[in-house]
Structure formats: structure tokens, C-alpha cells
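Chemist: Generate coordinates for the sequence data below:
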Amino acid sequence: MIRNLQHKYALSERGAKDMIKAFVCCTLSYLVLIFPVGLLYSLVSDLMEEKAPADRISFYVIGSILCLALILVTTYLQYNATFLSTYKESGIRRISLAEKLRKLPLSFFSEKDLADLTSSIMADCALLETASSHWIPELVGALASTVLIAVSMFFFDCRLAIAALWVLPVAFAVILTSSKFVNRKQEKQMDAKMAFADGIQECLESLRDLKANNSQDDYMIGLDAKIKAVEKRTIITELNNAVFNGSARMILKLGIATTALVGGKLLADGSIGVLTYFMFLLVVSRIYDPMTTTLDNLSGIIALNVPCSRMNEILEHAMQTGTDRLSNKGYDIKFSNVGFAYNDGKQVLKNVSFTAKQGEVTALIGPSGGGKTTVSRMATRFWDYDQGTITVGGMDISKIEPEKLLELYSIVFQDVTLFNNTIMENIRIGRKGATDEEVIAAAKLAHCDEFAEKLPDRYNSMIGENGCDLSGGERQRLSIARAFLKDAPIILLDEATASLDVENESLIQESLSKLIQNKTVIIIAHRMRTVAGADRIVVLKDGNVAEQGTPEYLCQIDGIYSHMAKTQMESAQWQLKNTRSYKEGKQA
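Modeler: Below is the predicted model:
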């Protein structure tokens, strides 16, 4: 049962156990609410039998106090078992989702967008929090207490019990019939919400480009359509719920009418006494209240299938695992017949084999889409390959825990990610616990001091969200400073100098030459002059190693590398000639 609850509602083991406790407490709470009915039944019985109420006044006073005490205790237990336990579980669930996301391969994130994952952690968890505290325990408690009360009603009179209870299975059947409709509408509503969230995020991220191209009005038309789609889907979903819930509530109300009619007929025929009739009227006036609320929430519980399946997709996704012991001897990175394909079957790498040796610079070049970035992802185990092997110093990286493996790497990405913090703390991410002096030394190696010293608070200056107060080149230099601070034995540079001007690129390359001594270096670049000094060049095209060797050798064989070098040189010359020709033509 615990495992079923865990899967059904994306709960932890502790959360599933707490939910079972909530079921019991809600059942007790609803049962205790019937006790005053029994006390009132006893009072009416005494009055009808003309017993002196003064002789039994102590019984009713004590009984009333006990009823109030039991209601108070069960309400307290119910509150703790539902609300407090749910809030704790909500925190556990969000943390577990975040922890699981941290351990998932990056291939998972290529299939999801930020708005979708954010919605799972925030909106889906909030919905499940409401369901766990208000809907699910109350449903189970109402069902359990109703069944127990229904059984006792049959001991008094089967005919009146049937007249009172026939509406319950019919009302539930109406709601359960709507489950397919509810799930279908909920999925469409979720799709509309995700499209809207993606549109908002895309608008905020691309606002500069939209304004630059005078396209903000056209974009807002599309965004407005997404907003209206969410509104439309929400109305349809709520209307669907209202139709089925309203029908179920109306059917429940018929139970009172049938009880009154059947009871009146039986009373007129002398088949039952007034006291029995009165007792059944009291019970039916009370038994439908929890069921009415529960039926309102039942469609919401059914609709939980969509958010719970989204969370389970994260929680049950296979993690990258491995040992946390490094057994490498040296830091040579060797690819042996490595192949990789996306989930859609598109083959990206095919039998890729090369070795990036320690103490050498290995450059990965080639046309766009050739597989350079994918190779770097494989080397760091951001993604897992499908065939072949990748080793670091003879150690199979597929058997190493990814976070442990990344201790060997200093990585500088083309797309820099910075945090809304100081320059000092953004660099310190490279090595937790580094002293201020060590951070500043790394910053100077990356020539960050050129702009940091000019800021009011120098290295303690805030740089805004994702470094929005810095230029592209300054942001890139902060990223390179992290790599200097980490000082790992393997360095991966993915277009690390792409955002730098020629002067700063030369300065950074001079600094990098100090960093890479006796280390394994892999560079991904498109500019040939960036890789001209590499010890070895690997040319990737269409997922295959088309060429590899020293720059001198590749120039001699007149292949892809030679063609790319010549093309870039001609392109630069063409721009100069074109500018000169334009000026000469204008003067003529």
C-alpha cells in the first residue's frame, strides 16, 4: 500500500505513511461527529418513554462533554495528520525533485524546458499539497466512516437504509464516469499553460531582439492568443467538473427525499416506529455532508494523474551512477569507437576514436553539427554514450559517479552562466573554500582585474542577474577565472574566447598557456587561428572523425582543415577588398 501511494501521488516513504495516518484520523473525526446524533436519539427516546430527564441529566451532561472532547481531540489529530504532515512532505518533495534533477544526465534537460521543470517543482507540488491536506484524506475518511455508519443502519431497518444509501454509489458512479473526460481536459489545460509559460519566458529573454526588430507588437499578438487559450481551457475544465459534480450533488439530495418518503410510508403502515423514523432523518441529514464535500474534490483527485505523472517522470528517471573512487593513471582521454544517438534515433556520433594526451592541446574542429559539442559532453559524462568506451587515464568514465568525475575537469563554456552576486563569489564557484587572495590571483590570470578594479566595490561589486552589468567579454573572462581557480588536470574550452576581442583573446591565450602545462586540454573552436598552435587537431564531420593529426600534417593533405583555414583567410581578405572597392567606386 505504501509503495502504491508513493507512485500514485509522487510521495516519499514517510509521506505515504503520514497519508495513511491521515486516513485513520479523518475516519475517526467523521465517526465522532455522529456521536451527538446518538446522544440526541437517546434523549428523544427518554422523552417519548416519559422518563424523567432530571434523573438522567448527569448522563447527558457528561455525554455532551465527552462528545465535545472527542471532537476536539480528533480534530486536533486530523489537523496534525493532514496539514502539518503535508507541509513537511511538500518540502521533502521539492527537495527530492531538485536533488534528482541534480543527478540526472543533461540529455534529460534537452527534452524539457525551464518553464516545464519549474512548473513541476512549484505548481504541481502546490496542487498536490492541497490535495494531500484537503482532498485525499477527507475522501478516504468520508468513505470509511460512511461504510461503517451504513452497516449499522442496516441493523435498524434494511428498507430505510437502502432508501438512504442508494444515492451514494450512483453519485460516485457519475463522478468516476467523468475520469476520462477530466484527465483529457486536464492534459489539454496543462499543455496550454506550458505554452503560455514558455511564451512569457521567451518574451522576457528575447525582449531586446524583439524591440531591435520592431516585432514586439506581433509577438504580443501571439502571446495574447496563448493567454486566451489558457482561459478557454480553464473554463472548459471547470464547466466539465461543474456538470458532473452538480449532478452528483443533486443525486445525493435525493437521498433525503427518498428516506422521508419511504420512512413516512412505513410509519403510516405501522412497520416502523416514530423513533426509528426520527433517527434515520437525523442520520441522513448528517451522513451526506462529508460526502458532498468529498464528491466536489473527487474530480480534482482524478485530475492529479497529470501533475503526479509529471513529477514521477523526474523521480523515476534513471540516474547516472558509479563509484566515487578514481582509479585513473594519468589524464589521457581516449575515445574508442564511441557512438551516440538521441532518443528520436538520430545518430550524432559514429565510431569516434581519438586520444587527447596529457601535456598536449587537442583541438576539435569541423562544420557546425559535426559533433564537436557532443564529444565534449561525452568526455565529461554530461551525457552517456551508446557504444564504445571513453577512458581517462585508463579509467572507464561510465563507471564513475559524474560529480566525482567532474573534479578532474575545468570547463569554460561558450554560453557563460553567472549569478546575481559579487565578482568574488562568482569566481569562487570554481573552488569552494578558496581564499580571497586565491580568487584575486585567478582573476588576474584571466585579466578580470582590468574591469574589476574600475568598479566602485572592486571585486565585491554585484554584477546583476547572469552578469547583466558586464559585457560579453567580461563575463567570459569571469568564467575563465573559475577554471584558473579550480586548476583541474583536464581543461575543456568550448569556444572559450569567442566573446573576446583580438587583444584580450591574445592575453587570455597567453594566460591559458600557463594553465595548461602538463594538463590534458581539449579546445572546441571555429576560428582556425585559435587552434593553430594545437598539438593535435581532430576534424569532426557528420559525427565521424574525418581527419586527425598535427596542423602541419593536415595542411599537407589538403583536406577539410586546410580548406577551412583557407576559406577563413579568404573571407577576411574579401571583406577588406570589398570595403576598398566600395570606397573606390564611391570616389569615382
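
Chemist: in stretch 154-165, what counts as buried?
Modeler: 157, 160-161, 163-165 (16 or more other C-beta atoms under 10 Å). Placement of C-beta: from N, CA and C, glycine included.

Chemist: do stretch 356-367 as well
Modeler: For stretch 356-367, using 16+ other C-beta under 10 Å, the buried residues are 356-358, 360-366.

Chemist: And those, which two are furthest apart?
Modeler: Greatest spatial distance in the buried residues of stretch 356-367: Q358 and G366, 23.5 Å, computed using C-beta to C-beta.

Chemist: between the buried residues of stretch 356-367, which is nearest F83?
Modeler: Distances from F83 to the buried residues of stretch 356-367, taken by C-beta to C-beta, are shortest for L364, at 55.7 Å.

Chemist: in the sheet, who's paired with that closest one?
Modeler: I524, V538 (DSSP bridges).

Chemist: Please tell me I have it right and it contacts H526.
Modeler: No. In this structure L364 lies outside contact range of H526 using C-beta atoms under 8 Å: 10.4 Å.

Chemist: The helix or strand hosting I301 - what's its average pLDDT?
Modeler: I301 belongs to helix 274-302 when assigned by DSSP states H and E. Taken as a whole, helix 274-302 has a mean pLDDT of 75.

Chemist: Against M194, how distant is the residue positioned nearest the centre of the chain?
Modeler: Residue closest to the average C-alpha location in the chain (C-alpha atoms, centre = their mean): L117, at 3.2 Å. Here L117 is placed at a distance of 11 Å from M194 (C-beta to C-beta, to the nearest Å).

Chemist: same question, G366
Modeler: Counting by C-beta to C-beta, the gap from G366 to M194 is 35 Å.

Chemist: so where is the stretch 1-150 of the chain shaky, pLDDT-wise?
Modeler: Scanning the stretch 1-150 of the chain for pLDDT under 70 picks out 6, 49-55, 110-111, 113-115.

Chemist: Ok, the stretch 201-350 of the chain next?
Modeler: For the stretch 201-350 of the chain, the stretches flagged by pLDDT under 70 are 296, 299, 303, 343-345.

Chemist: ok so, going back, would you convert the buried residues of stretch 154-165 into JSON lines that also reports secondary structure?
Modeler: Shown next, in JSON lines, are the buried residues of stretch 154-165 (DSSP: H, G, I helix; E, B strand; the rest coil):
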{"residue": "D157", "secondary structure": "coil"}
{"residue": "L160", "secondary structure": "helix"}
{"residue": "A161", "secondary structure": "helix"}
{"residue": "A163", "secondary structure": "helix"}
{"residue": "A164", "secondary structure": "helix"}
{"residue": "L165", "secondary structure": "helix"}
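
Chemist: Closest to I516 out of these?
Modeler: Nearest to I516 among those, with distances taken as C-beta to C-beta, is L165, at 80.4 Å.

Chemist: Leaving out sequence neighbours, find the closest residue to the closest one.
Modeler: Spatial nearest neighbour of L165, chain neighbours left out: A150 (5.3 Å); criterion: C-beta to C-beta, 6 or more residues apart in numbering.

Chemist: which parts of the strand or helix carrying that neighbour are buried?
Modeler: Using DSSP H and E, A150 maps to helix 136-156. By neighbour count on 16+ other C-beta under 10 Å, the buried set for helix 136-156 is 136-146, 149-150, 153.

Chemist: Between the residues you listed, which sits nearest L261?
Modeler: Checking the buried residues of helix 136-156 against L261 with C-beta to C-beta, the nearest one is M153 at 16.7 Å.

Chemist: isn't the closest one right up against R286?
Modeler: No. Using C-beta under 8 Å, M153 is not in contact with R286; the gap is 11.8 Å.

Chemist: Name the nearest residue to the residue nearest to the centre of the chain, sequence neighbours excluded.
Modeler: Distances taken as C-beta to C-beta, 6+ apart put L101 closest to L117, at 6.9 Å, once the chain neighbours are dropped.

Chemist: Now do the strand or helix carrying the one you found against helix 136-156: the angle between them, please.
Modeler: Using DSSP H and E, L101 sits within helix 85-103. Angle between the axes of helix 85-103 and helix 136-156 is 140 degrees (criterion: axes from the mean of the first three to the mean of the last three C-alpha atoms, to 10 degrees).

Chemist: Next secondary structure after helix 85-103?
Modeler: Following helix 85-103 in sequence, per DSSP H and E, is helix 106-110.

Chemist: Could you export that following helix as PDB, CA atoms only?
Modeler: The C-alpha coordinates for helix 106-110 follow below in PDB (Å, rounded to 0.1, in the frame of the first residue of the first chain):
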ATOM      1  CA  LEU A 106      21.900  16.500 -19.300                       C
ATOM      2  CA  SER A 107      20.200  14.500 -22.000                       C
ATOM      3  CA  PHE A 108      17.100  14.700 -19.800                       C
ATOM      4  CA  PHE A 109      17.100  18.500 -19.900                       C
ATOM      5  CA  SER A 110      17.400  18.600 -23.600                       C
END
